[in-house]
Every structure is written in C-alpha cells, then in structure tokens.
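S.K.: based on what follows, work out the 3D shape:
(one chain, ligands or ions: 1)
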Amino acid sequence: MSATEPHDDSSNGGDPLRYATDFHAPVLSHDVQARLVTDPAGRYVDATLGGGGHARALLDALGPEGRVFGIDRDPEALAIARDRLADAESAGRFRAVHGTFSTLHDVLGAEEFIPIDGLLLDLGVSSHQIDAPERGFSFRDEGPLDMRMDPHRGLTAQQVVNTWGERDLRDVLREYGEESRAGHLAHAIVEARPLRTTRDLAEVVEEHVPPPDTVGTLTRVFQALRIVVNAELDELEDALEQATEVVRTGGRIAVISYHSLEDRRAKRYLRYGNFEGEPRRDLYGNLVAPWTETPRGPIEASEAEVEANPRARSARLRVATRRDDEEMEAPVPPLS
Ligand SMILES: C[S@@+](CC[C@H](N)C(=O)[O-])C[C@H]1O[C@@H](n2cnc3c(N)ncnc32)[C@H](O)[C@@H]1O
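M.R.: Numbers count the residues shown, from 1 in each chain. Modelled structure (predicted):
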C-alpha cells in the first residue's frame, strides 16, 4: 500500500479556501501550485477548468510570462471561469475553450500549445453541478434525471435507466458503483419504469435498501450512472495517454481523483504506463515507464482543509514527472 504524503497549505496563508467561490472550492490548491509548476514562465493546462479556482492558483504561481490554458466540457463552467479570469485573458496569460479532455491532443494542437510544462486533471463534477437540481446529479434534490456535464450532448441518465436492459444496468451498478446489491436494484429499476426525476430513482433505492445503508447506496447508484453518462473512465484513460504526448520531458501531471475507480487508473498509468498495473521491463529486466510518480503515493488534504471543505476528504492527488524517452530505456530510479 502507498504511503500518503503530508499536505502543506502554508503558501495559501493557511487558508485552504483562498481560491474558493460560490461555484466551487478547489481542493489541494497549494499542493497543485507547488508541485505542478516547474517553470514560472511555462505553459500549463487545466483540462478541468470548472470555476477557474485552480487556474487562478496556477496563474498566481507563475511569472508574467507564464500561460494557462483551460478546457471544460460544461459551457456554464467555462463562462464562469472566463469571467473570473478576464483580467488574465486580456493580459494574454489565459485562454479557455469548450471541449473534453479525451481530445486533449487535438485541442492543444489546434491552439499550437504543445509541448506543455504541466497538466492538471481535477476529476469529477464541480459543487455547482451537484448543487443545481436541474442538472440531475444529486439525490438530495428533485430534478430531471440528466447528469450530463455537457447538457447539450449525449445520453441522459433518464435514457439509461428507462431503456437499458436489466443486465446492462446491473453491470453499470456493479462496475461503476461497486454496488453489492447491483442485481437486485437493477431489477427494481426496471420494474419501476418509467423514472423521470432524481426523486423517482431515489425512491426505488429507498424502498429496497433500509437505513443505515440507504445513503451509501444512493451515493453509489448516482455515481455509477454519472460515470456511464459522461464516459468518465474512458475519458480519463484517453487523457492520461495523451498527456504522455503533450507534456515535455521533465514536465508534470497532477491528477486529483475522488473515488477508487479513478485513482486506480491514475496510479497504474503514472507508475507503469498502462492500466493493468503491469510493470514492463527492458531486455535487462529494468522497469520502463513514461512517468515517474513524485512522490510515490497520493497526497491528501489536511484536517483543516477537510473541515473547511468536506469534499476534500475523498480527494487523492497524484503527481508525476514525464521521463525522457531515452531514459525510458534506462532503469526507473529508486522512488523515495
Ligand atoms: C472538480 S471540477 C474542477 C474544478 C476546478 N478545478 C476549479 O478549481 O474550480 C471538474 C470539472 O471538470 C469538468 N470535466 C469533467 N470531465 C471532463 C472531461 N472529460 N472533459 C472536460 N471537462 C471535464 C467538469 O465539467 C467540471 O467543471
């Protein structure tokens, strides 16, 4: 098991909410600043721009030559972030576009923004997306069963629960929710059709899962649907592979994940260069990998940050440095 790295938020004046707005409070913002930025005049990408909190933190950590480029698939987040960072945009230090991070290479290529010095992926949804009932992410409020991060594109959660077969629904709940009652709940969902709102779905779960397990099950069921609606794990795998092509040698990647399905993928890829977690060896038996995880193991939020921002409790930050392709033929240095 990996050791977790102690967290230090001293440069935020000890205020973990320094970059927070009503839209979203970014987690581990000091650690991202301190560990991602290796060149104050460099080029950085936040491919999960959200409310622009981390982007602002990065801009603050950079010198006047430093640039930040933002990507988000949610047009509402993009508009909020651009508004917040309008000063940096007009100074030519910030630019943002609508897009998904699975198209990272093409988006950055079109902007002539390759290679880059650092890439941030702060996965999942923003607080605003969860808190807005009309987006359909939360079982706590009534809203349409939508759950799309980009509300103009793709399948809704309503389409999934009302049209997918029972076995497919079971697989979704099992695989993406790690839900032990997956078969039972998939059957109950099919029986209860049609389901239109978040409350309709929550009631099915509440009817079949008594307390104290109800809230945990609701969380897992909603997480599973959100992951499938937004193809979150495919997006992550594509982005990690493309990161290897766009980050310069010696540049860094920072990935913040909020559940084990994401963190496992980040850990395996950044440690071994594949999603199976299988070490590859050269002719001499030395481990070869495109990244060196630095430090080895996740960084977690301090108690003070978790107290100020409970969402930080589940956050795991992994940082890695892009190795030289020639160096890949050499042994991976011992990791501290
Ligand atoms: C946790 S929030 C990021 C918050 C941001 N770091 C901040 O400081 O406000 C995640 C954001 O990533 C966006 N997102 C999630 N998956 C994405 C993807 N595959 N491509 C682009 N944006 C994505 C979501 O729409 C959301 O705005």
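S.K.: which helices and strands does the worst-scoring helix or strand of the chain on mean pLDDT pack with?
M.R.: Lowest mean confidence among the helices and strands of the chain (mean pLDDT, DSSP states H and E): strand 287-288, at a mean of 88. Counting contacts by 3 or more Cβ pairs under 8 Å, 6 or more residues apart in numbering; DSSP states H and E, strand 287-288 is packed against strand 280-281. Just so you know, the C-beta spots here come from the backbone N, C-alpha and C atoms, and that holds for glycine as well.
S.K.: please name every helix or strand in contact with the strand it packs on.
M.R.: Based on contacts counted as 3+ Cβ pairs under 8 Å, 6+ apart, the elements that strand 280-281 packs against are strand 287-288.
S.K.: quick check: next helix or strand after the strand it packs on?
M.R.: Going down the chain from strand 287-288, the next helix or strand is strand 291-293, by DSSP states H and E.
S.K.: who does that following strand pair with, and is each partner parallel or antiparallel?
M.R.: Sheet pairing for strand 291-293, assigned by DSSP bridges, gives strand 316-322 (antiparallel).
S.K.: picking that back up, list the strands paired with the least confident helix or strand of the chain, with their directions.
M.R.: Paired with strand 287-288 in the same sheet, following DSSP bridges, are strand 280-281 (antiparallel).
S.K.: and the strand it pairs with, how far out from the chain middle?
M.R.: A distance of 28 Å separates the centroid of the chain from that of strand 280-281, by Cα atoms, centre = their mean, to the nearest Å.
S.K.: contacts for it?
M.R.: Contact with strand 280-281 is made by 272-274, 287-289, as judged by Cβ atoms under 8 Å, 6 or more residues apart in numbering.
S.K.: so what's the closest residue to the ligand within the stretch 1-150 of the chain closest to, chain neighbours aside?
M.R.: Of all residues in the stretch 1-150 of the chain, Gly50 sits closest to the ligand, at 2.4 Å by Cβ to the nearest ligand atom. Closest residue to Gly50 apart from its sequence neighbours, by Cβ to Cβ, 6 or more residues apart in numbering: Ser126 at 4.4 Å.
S.K.: that neighbour contacts His24, doesn't it?
M.R.: Yes: shown here, Ser126 and His24 form a contact pair, counting by Cβ atoms under 8 Å, at 4.1 Å.
S.K.: on that earlier part again, got the contact list for the residue nearest to Gly50?
M.R.: Ser126 sits in contact with 23-24, 50-51, 74, 77, where contact means Cβ under 8 Å, 6+ apart.
S.K.: same deal with Ala254?
M.R.: 32, 35-36, 118-121, 317-319.
S.K.: just these that are near the ligand?
M.R.: Counting by Cβ under 6 Å from any ligand atom, nothing from the contacts of Ala254 sits close to the ligand.
S.K.: looking at the residues you listed, which are in helices?
M.R.: Judged by DSSP state H, the contacts of Ala254 include 32, 35-36 as members of helices.
S.K.: if you rank the residues you listed by neighbours, which is first?
M.R.: Val32 (27 neighbours; other Cβ atoms under 10 Å).
S.K.: show me what contacts that residue?
M.R.: 26, 54, 57-58, 120, 122, 254, 256, 317.
S.K.: make JSON lines out of these and add pLDDT.
M.R.: Below are the contacts of Val32 laid out as JSON lines (pLDDT from 0 to 100):
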{"residue": "Pro26", "pLDDT": "97"}
{"residue": "His54", "pLDDT": "98"}
{"residue": "Ala57", "pLDDT": "98"}
{"residue": "Leu58", "pLDDT": "98"}
{"residue": "Leu120", "pLDDT": "98"}
{"residue": "Asp122", "pLDDT": "98"}
{"residue": "Ala254", "pLDDT": "98"}
{"residue": "Ile256", "pLDDT": "98"}
{"residue": "Leu317", "pLDDT": "98"}
